[in-house]
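>>> pasting the sequence and the predicted coordinates here, then a few questions.
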Amino acid sequence: LVSRVDEIWHCAASFKFQERYREEIAAHNITGTRHLLDFAVLCNHQKVTPVFHVSTAYAAPLREGLVREELPITMTPFRNRYEWSKQEAERLVSVYREQFDLPVAIFRLSIIMGHSHTGRASRFTGYYDVIRAIYLLTHSLEINLGDHFDRNLHLRILAKSTVRLNVVPIDFVVEAMWRLSRSERGAAWIFNITNDHPPLLDYLFAQACKPLAVTGITLVDEAAFQQQPMSGLERIFNRK
């Protein structure tokens, strides 16, 4: 097999992030990466076989408000086991790059959405879970209230309207990775493939509501629920 491989794209990963899945996440994202790198070393004995390792922008070190195109050190903070595993995998890629002179590039992607023109998506995770929850709530109200449903969800969501969500369309991501893989990259080998102008969270909620023709979503902080407790629907939505 090593004689027939021209280049390697490592896109496989577990997206689980909870602490209880630590061993499974490590097996996929760290040990799996080590197996692939061992194979890449064998390939490079015969001819130059570049490795393109797909990572996440949330493995990157953050300093002075900038997400750097640098390797995360062992003390780089992480918010969940997924980010931890991708940091560990990046450091592993760096070890093989230095010890075996392995030709590698790391592509760090942010939050992938559907196609920029068609909206088509191959899977519905991440922010799509929020959109799905809005759809399910709307569908339930249509069935239960019928003609009495005024399309107002009367829904307060625990979220900051000023937060920006770094979403990138899948066609942009694929195009960027492909162009980088075919370019003279010089000494650069880590690339953040992200959105220069990430949209505000309240804008994304408005876009989710538009095709459903619903209104009445308000993003609030915890103080709002202390003043007026959550309704039953709000409890279900925020729990999901």
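Thanks, I have it. Numbers count the residues shown, from 1 in each chain.
>>> now the strands for the chain?
Taking DSSP state E as the test, the strands found in the chain are 8-10, 51-56, 62-63, 66-67, 104-109, 111-113, 152-158, 167-169, 190-193, 215-220.
>>> start from the N-terminal end of the chain and give the helices.
22-26, 32-46, 81-99, 127-145, 170-181, 201-209, 222-227, 232-239 (DSSP state H).
>>> out of those, the one nearest residue 154 is which?
Closest to residue 154 of the helices of the chain is helix 232-239 (C-beta to C-beta; 7.7 Å). Placement of C-beta: from N, CA and C, glycine included.
>>> still on that earlier bit, could you dump the strands of the chain to TSV with mean neighbour count, mean pLDDT and distance to residue 134?
Shown next, in TSV, are the strands of the chain (neighbours: other C-beta atoms under 10 Å; pLDDT from 0 to 100; distance: least, C-beta to C-beta, whole Å):
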stretch	mean neighbour count	mean pLDDT	distance to residue 134
strand 8-10	17	98	34
strand 51-56	22	98	25
strand 62-63	11	88	30
strand 66-67	13	88	29
strand 104-109	22	98	25
strand 111-113	19	92	16
strand 152-158	17	94	8
strand 167-169	18	95	16
strand 190-193	19	98	28
strand 215-220	16	95	8
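>>> quick one: closest of these to residue 202.
strand 215-220 (5.7 Å).
>>> just checking, what packs against that closest one?
strand 152-158, helix 201-209 (3 or more C-beta pairs under 8 Å, 6 or more residues apart in numbering; DSSP states H and E).
>>> and the angle from the longest one to strand 152-158?
If I follow you right, that is helix 201-209. 140 degrees (axes from the mean of the first three to the mean of the last three C-alpha atoms, to 10 degrees).
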